[in-house]
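Q: quick check, what structure comes out for this input:
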Amino acid sequence: MRTGRIWAATAAGLAAAFAGFGAASAEEARLSSPDGEIVVTVTDEGGLARYAVEFRGETLIAPSRLGLLFKDQHGFDDGLAIASVKRAAKDEIWEQPWGERRFVRDRHNELLVEFVSREGPARRFFARFRAFDDGIGFRYEVPRQKRLGKVEIVEELTEFAAPAGSTAWWIPARQWNRYEYLYETTPVEEVYAAHTPITLRAPSGAHLSIHEAALVDYSGMALKQARPATFRADLAPWSDGVLVKTETPFASPWRTIQIAPDAVGLLNSDLILNLNEPNRLGDVSWVEPGKYVGIWWAMHIRERTWGRDGVHGATTEEAKRYIDFAAKYGFKGVLVEGWNVGWDGDWYNNGDVFSFTEAYPDFDIEEVAAYAREKGVRLIGHHETSGNVANYENQLADAFDLYERLGVRQVKTGYVADAGRIKRVDEKGIARYEYHDGQFMANHHLRVLEEAAKRKISINAHEPIKDTGLRRTYPNWIAREGARGQEFNAWGLPPNPPEHTAILPYTRMLSGPMDFTPGIFDLEPNRRPPVREDMPRHDPASRVQTTLAKQLALYVVLYSPIQMAADLPENYEKRPDAFQFILDAPTDWEESRALAGEAGDYVVFARKERGGEDWFVGALTDEEARDLTVPLDFLDEGRAYVAEIYRDGPDAHWETNPYALVVEERRVTRADALALPLAPGGGAAARLRPAP
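A: Numbering: from 1, shown residues only. Below you'll find the predicted structure:
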């Protein structure tokens, strides 16, 4: 197959890309996916740049605007004409160093359309489209040209005219709690402003999810409804109102539309990864997937505190207790939050005083790190900034130097602050406040990754900028949060409802791994008496709205290369039957397949262990009970397996009887199917290992 040129979003690469284009006239250009089921049409009718998308003959995106507006220069809004078209194609297999599957196929057709101005100052831009069998991506590429050097983007005109009457799964954008909202399920016409990914089911049953890929040196894109069912790109602004500050040549992130005939098809898409650049870090064998435990959940349920104004969790003694537990059961790491100076008092608002190298007196970080190494466990670092990025960046090199010396290989970063309250200090020493998903933070996260990579450290970002597949380019971006995680079940009112984890795979998880922190075994932690009389408890209504079996299913359904066993050590030792599945489940996979599901209702995944022969199955449901039959045709032909099954008991219910669990074994082959009865709010997990 002919392989087209693929240009990186760098000044040199873009300059080369823009050379040699002719002036062939065209008014319409069409691009088809390799299987022919997706068709993109690009036009200049009426002097406007537009595109449209069809899937199996159905219009999924009606003609929608393209363009950019600048603060002090003429933009690309009207008076435009298609000047040239160039085509390319690619079909290759590439390997992930870690991931939900080892090998990824990148097969796409490409269309590069040059738009020029027909009136006003001479100017031009390119729209590059790629069509895969699982969707499309497109981006703007603006070459250096007269009157366009340094530019400030004040509006991106990109539109997505979705099918009227679609059902949408979405969370609100530009709200104080960033991405940490419960998902709404509404008609598409009721979506006023949404973060991406936003997932839609058209009246025909076709599914699409709108997002972006390769968010580098640009502001994150949300969507605002311009007209019923038509969305326009809504970029996070800088504190001065400008959206993006850049200079030509530049390229935008890819605007992505994943497309499938059903909900399950979306889950098997690799489009976001394929639109990112290859690994730029070189040898990343030091990036270590695995499971961890930590001093974390105890603070959320108020058995311990981050600071010393209570029962301090991060003490030398307590850290050693967790290290002993991790070593006994084979966990790779122990996370310790609250070890460093700055947590006392109102830590949410005192980001100026955090030290990332000075420990509290009751935590000997040198002793703890050495003890962990002796036990064959690694200390996992923690950097909470309270949104004060200026203070963090001033200490970044010293903080990572300390962790490198101590043998820390993973760091959990945190940016707890209201949206729009990320603190930076400008060149005049004036404090400015930015969005978590603005251009400033897009660049900050990459600075953190690059500094960490110099010291062979991986990053797990919480309160992050959203995932856009950059783990391919920076494989040390091992996980992140970016949605309502488990902690809301400790203190959230309301806590996450049973449908929450039946929506996440079809929305947030389409963008990449999430550190959800599964594995809670005490499902009503706030009903226990306080550890000390003066320690207030959360409302008992804050609880985990799942069965115990569903907590096990999360280790397969919600992908992350680092999975936490999030509960207290003593709670696991009370339930060795269920705990065994957590010990057995890998976090790095040879292959992953979504087998069945509907957004917001249920989901079933099968994943094969990387470097092994075992398969693992996870299934979960919303508040409705379901009886699922899962064919095992993904197993090897001519081979018998032992299925170790962990499922809801016959009278299980997330609210009235969440602990009812059946653990059983049976011999199976690929001709068999697993019958999995799921209780309300329930789930099932299974390990399938080759029979002796």
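
Q: going forward, measure contacts and count neighbours with C-alpha atoms only.
A: OK.

Q: pairing partners for the strand or helix carrying Val630, with directions?
A: Assigned by DSSP states H and E, Val630 falls within strand 626-631. Looking at strand 626-631 with DSSP bridges, its partner strands are strand 673-678 (antiparallel).

Q: before we move on, back to that, what are the buried residues along the strand holding Val630?
A: Going by neighbour count (16 or more other CA atoms under 10 Å), the buried part of strand 626-631 is Arg626, Leu628, Val630.

Q: what's the pLDDT at Met1?
A: We have a pLDDT of 29 for Met1.

Q: oh, I was asking about Arg532
A: For Arg532, pLDDT reads 86.

Q: Ala461 is in contact with Lys412, correct?
A: Yes - the criterion here is CA atoms under 8 Å, and Lys412 meets it with Ala461 at 5.7 Å.

Q: give me the more crowded residue out of those two.
A: Ala461 (25 against 19; other CA atoms under 10 Å).

Q: follow-up on the earlier one: dump the buried residues of strand 626-631 to TSV, plus distance to Gly381.
A: As requested, these are exported to TSV (distance: CA to CA, whole Å):
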residue	distance to Gly381
Arg626	41
Leu628	41
Val630	40
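
Q: please enumerate the helices of the stretch 151-300 of the chain.
A: 263-267, 271-274, 297-300 (DSSP state H, counting those that start in this stretch).

Q: ranking those helices by burial, who's on top?
A: Comparing the helices of the stretch 151-300 of the chain by mean neighbour count (mean count of other CA atoms under 10 Å), helix 271-274 ranks first with a mean of 25.

Q: ok but Tyr555 is inside a helix, no?
A: Yes - with DSSP: H, G, I helix; E, B strand; the rest coil as the criterion, Tyr555 is assigned to a helix.

Q: and it, how many neighbours?
A: Neighbours of Tyr555 under the rule other CA under 10 Å: 26.

Q: start at 286 instead
A: From this message on, residue numbering opens at 286, which makes the last subject Tyr840.

Q: wait, it sits on Ile867?
A: Yes - counting by CA under 8 Å, Tyr840 touches Ile867, with 7.5 Å between them.

Q: identify the contacts common to the two.
A: Shared contacts of Tyr840 and Ile867 (CA atoms under 8 Å, 6 or more residues apart in numbering): Gly804.

Q: distance to Asn676 and mean pLDDT for the helices of the stretch 436-585 of the chain - can I get that in JSON lines?
A: Supplementary listing: those in JSON lines, determined by distance: least, CA to CA, whole Å; pLDDT from 0 to 100:
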{"stretch": "helix 548-552", "distance to Asn676": "39", "mean pLDDT": "98"}
{"stretch": "helix 556-559", "distance to Asn676": "32", "mean pLDDT": "98"}
{"stretch": "helix 582-585", "distance to Asn676": "24", "mean pLDDT": "97"}
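
Q: for those, give me TSV that also has distance to Lys509.
A: As requested, the helices of the stretch 436-585 of the chain are exported to TSV (distance: least, CA to CA, whole Å):
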stretch	distance to Lys509
helix 548-552	23
helix 556-559	22
helix 582-585	34
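
Q: among those, which is nearest Phe361?
A: Phe361 lies closest to helix 556-559 among the helices of the stretch 436-585 of the chain, at 26.3 Å (CA to CA).

Q: packing partners for that closest one?
A: Contacts defined by 3 or more CA pairs under 8 Å, 6 or more residues apart in numbering; DSSP states H and E place helix 556-559 against strand 492-498.

Q: against which helices or strands is the strand it packs on packed?
A: Under the contact criterion of 3+ CA pairs under 8 Å, 6+ apart, strand 492-498 touches strand 483-486, strand 539-545, helix 548-552, helix 556-559.

Q: by contact count, what packs against the third one?
A: Yep, that's helix 548-552 we're talking about. Applying 3+ CA pairs under 8 Å, 6+ apart, one finds that helix 548-552 contacts strand 492-498, strand 539-545, strand 874-883.

Q: what's in contact with it?
A: Helix 548-552 has contacts (CA under 8 Å, 6+ apart) with 419, 491-494, 543-545, 790-791, 795, 879-884.

Q: just the buried ones from those?
A: 419, 491-494, 543-545, 790-791, 795, 879-884.

Q: shaky segments in the chain?
A: 286-311 (pLDDT under 70).

Q: for it, which segments count as helices?
A: Taking DSSP state H, the helices of the chain run over residues 296-302, 548-552, 556-559, 582-585, 601-614, 650-659, 674-691, 724-739, 773-776, 785-788, 833-842, 854-858, 861-869.

Q: for Tyr931, find the nearest of those.
A: Across the helices of the chain, closest to Tyr931 is helix 833-842 (CA to CA), at 6.4 Å.

Q: need the contact partners of that closest one.
A: Defining contact as CA under 8 Å, 6+ apart, one finds that helix 833-842 is touched by 790, 803-806, 808, 848, 863, 866-867, 870, 888-892, 901-905, 931-933, 943-946, 966-970.

Q: for stretch 942-954, same thing?
A: When contacts are defined by CA under 8 Å, 6+ apart, stretch 942-954 is touched by residues 808, 831-834, 862, 917, 920, 922-937, 976.
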